[in-house]
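[1] Fold the following and give me the result.
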Amino acid sequence: MLVKSTGKDEIHVKFPRNLKTGFYFTIANCALVVLAGAVFGKGVIGRGYGYVACGLYAVYVLTSLLV
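    Predicted structure coming up:
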């Protein structure tokens, strides 16, 4: 399909920094939710994780502004 429409076998694309930043912080948040629930909370995500999530979001906002 790509060869038909462009005449090329492959196209190189760049992943913008702001999308990389959001992707990495989303993965970090998912990992922290699993860690908080499975390891620390014994199957329950405690209300204290909300503070961690807000802190992570603040770091994300600062990082995305600086990148």
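[2] what about the residue nearest the centre of the chain, helix or strand, and which?
    For the chain, the residue sitting closest to the mean C-alpha position, by Cα atoms, centre = their mean, is Thr26 at 2.2 Å. In this assignment (DSSP states H and E), Thr26 forms part of helix 17-34.
[3] model confidence over that helix, on average?
    Averaged over helix 17-34, pLDDT sits at 93.
[4] which ones are touching the residue nearest to the centre of the chain?
    Listed by Cβ atoms under 8 Å, 6 or more residues apart in numbering, Thr26 has no contact partners. All C-beta spots, glycine's among them, are computed from the backbone N, C-alpha and C.
[5] about what we covered before: in the helix holding Thr26, what's buried?
    Buried positions in helix 17-34, judged by neighbour count with 16 or more other Cβ atoms under 10 Å: 21, 25, 29, 32.
[6] for the chain, what spans make up the helices?
    Assigned by DSSP state H, the helices in the chain fall at 2-6, 17-34, 49-66.
[7] what angle sits between the second one and helix 49-66?
    Spelled out, it's helix 17-34. For helix 17-34 against helix 49-66, the angle by axes from the mean of the first three to the mean of the last three Cα atoms, to 10 degrees is 170 degrees.
[8] can you give me the offset of the helix holding Thr26 from its chain's centre?
    Its chain's average C-alpha position is 2 Å from that of helix 17-34, according to Cα atoms, centre = their mean, to the nearest Å.
[9] ditto for stretch 28-36
    Distance of stretch 28-36 from its chain centroid, counting by Cα atoms, centre = their mean, is 11 Å.
[10] what does it contact?
    For stretch 28-36, the external contacting residues (Cβ under 8 Å, 6+ apart) are 45-46, 49, 52-53, 56.
[11] if we go to 10 Å?
    If you take Cβ atoms under 10 Å, 6 or more residues apart in numbering as the criterion, stretch 28-36 is touched by 40-41, 44-46, 48-49, 52-53, 56-57, 59-60.
[12] Which one of those residues is nearest to Thr6?
    Nearest to Thr6 among the contacts of stretch 28-36: Tyr60, at 35.5 Å, using Cβ to Cβ.
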